[in-house]
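Visitor: Give me a 3D structure for the following:
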Amino acid sequence: MTNINLDKPRYDQSTYLGRAKHFLLLTNPLNAFASNSELEEAKRIVTEFRKSRKLPPGYDEDKLWATKYLYDSAFHPDTGEKMFVLGRMAAQAPMNTIITGCMITFYKTNAATAFWQWVNQTFNAVVNYTNRSGDAPLPTSQLIASYCAACGGALTTALYLNSKVKNMSPIYARLVPFAAVCGANFINIPMMRSGELLNGTPVFTADGTRVGESKRAAKYGIGLVCISRVLMALPGMTVTPLITSYATKRGLFCKRPAMVVPFQLFLVGLCVTFATPLCCAIFEQRASLSVDSLDPDLKERVKKNYPKVKEVYFNKGL
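Guide: Just a heads-up that it's a prediction; the model follows:
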């Protein structure tokens, strides 16, 4: 029998350093390449350990935690369902390296801008839906409407900004993709998680007792995710174009102009690999809200049934 608690992260989530360590393991890009058999084995190990509280044969604490993080990277924390591979946070680094690299490379024509913004927002929609909070399904009609609104908002923002920077310095044109992504995130994330805004997200007491669904908690959690996603995109989509612009002016690509693309992909990959976990760690995954800030009917119910409870907790999503 061991005192390892797999129901909580390995590292202290009340500190930024603890959250950063947690998300570095959770968003490890290698997790996205795990086979189905490896994921099912990880699920089996975690499930059996929770029942028996005994280390499986051949396992020590470090190996058990590595298995748990592999499990967490692929299975939704609320529903327990295996997530679509491209929607997992572990797929963020490889996918965003390719998509962001293309957005900041092919930005000069409206057609290229529209295409890569559509690809990016489609990918974001998958990620946002996959990592939603709560366990209530989103109706297909609502999902399609949300996707269309998210993509439409992103494309409109990008094309509008492109039209405004045509007579400005080239560096402004290079930064259009980031500005478009910022605006689109505040459309895409709420739209793809509109089920939570309409129906509320599950909230719990400190000991894990579910007390109801809160729309205000959903708004708060989605707002935090929007901020962290914008910050996540910031290094790769601003630092990379600035460095590339400087390198181009210094003649670095004069003899080999084709090298600008792999150069940008390398910088984006480096930024995204570290920005993803470090920005996920800005806010606690298990967010809290005071009972007084809850929806009026839920606040009344919690105060009546749980008079000593001052705060409730919920999964804010990623």
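
Visitor: Show me what the longest helix along the chain is in contact with.
Guide: Looking across the chain with DSSP state H, the single longest helix is helix 140-164. Under the criterion Cβ atoms under 8 Å, 6 or more residues apart in numbering, residues 107, 110, 113-114, 117-118, 120-122, 124-125, 129, 138, 173, 176-177, 179-181, 183-184, 187-188, 191-192, 194-195 lie in contact with helix 140-164. In this view, the C-beta of every residue, glycine as well, is placed from N, C-alpha and C.

Visitor: Can I get the buried part of those as one PyMOL selection?
Guide: Buried members of those can be picked out in PyMOL with the line below, counting by 16 or more other Cβ atoms under 10 Å:
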select buried, resi 107+113+114+117+120+121+122+124+125+129+138+173+176+177+179+180+181+183+184+187+188+191+192+194+195
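
Visitor: Residue 43 sits in which helix or strand?
Guide: Element membership for residue 43, per DSSP states H and E: helix 36-52.

Visitor: Can you name the next helix or strand after that helix?
Guide: Read in the C-terminal direction, the helix or strand following helix 36-52 is helix 61-74, with elements assigned using DSSP H and E.

Visitor: ok, and what's touching that following helix?
Guide: For helix 61-74, the surrounding residues in contact (Cβ under 8 Å, 6+ apart) are 2, 4, 6, 10, 25-28, 31-32, 34, 38-39, 42-43, 45-46, 49, 55-56, 59, 82-83, 85, 88-90.

Visitor: If we use 6 Å, what do you get?
Guide: Taking contacts as Cβ atoms under 6 Å, 6 or more residues apart in numbering, the residues outside helix 61-74 that touch it are 6, 10, 25-26, 31, 39, 42-43, 45-46, 82, 88, 90.

Visitor: List the buried residues of that helix.
Guide: Of all the residues in helix 61-74, those buried under the rule 16+ other Cβ under 10 Å are 64, 65, 67, 68, 69, 70, 71, 72, 73, 74.

Visitor: Give me the distance from it to the chain's centre.
Guide: Averaged C-alpha coordinates place helix 61-74 at 19 Å from its chain's average position (Cα atoms, centre = their mean, to the nearest Å).

Visitor: For the most far-flung residue of the chain relative to its centre, grab phi and psi.
Guide: For the chain, the C-alpha farthest from the mean C-alpha position belongs to residue 255; by Cα atoms, centre = their mean, that distance is 39.1 Å. Summarising the backbone geometry of residue 255 under the convention degrees, to the nearest 10, its torsions are phi -80, psi -30.

Visitor: Now do the closest residue to residue 75 other than its chain neighbours: how many residues are near it, please.
Guide: Counting by Cβ to Cβ, 6 or more residues apart in numbering, residue 75 lies nearest to residue 82, which is 5.7 Å off, once chain neighbours are set aside. As a burial measure, residue 82 scores 15 neighbours (other Cβ atoms under 10 Å).

Visitor: before we move on, what about residue 291?
Guide: If you count neighbours by other Cβ under 10 Å, residue 291 ends up with 19.

Visitor: any idea how far it lies from residue 222?
Guide: From residue 291 over to residue 222 the distance is 20 Å, taken as Cβ to Cβ, to the nearest Å.
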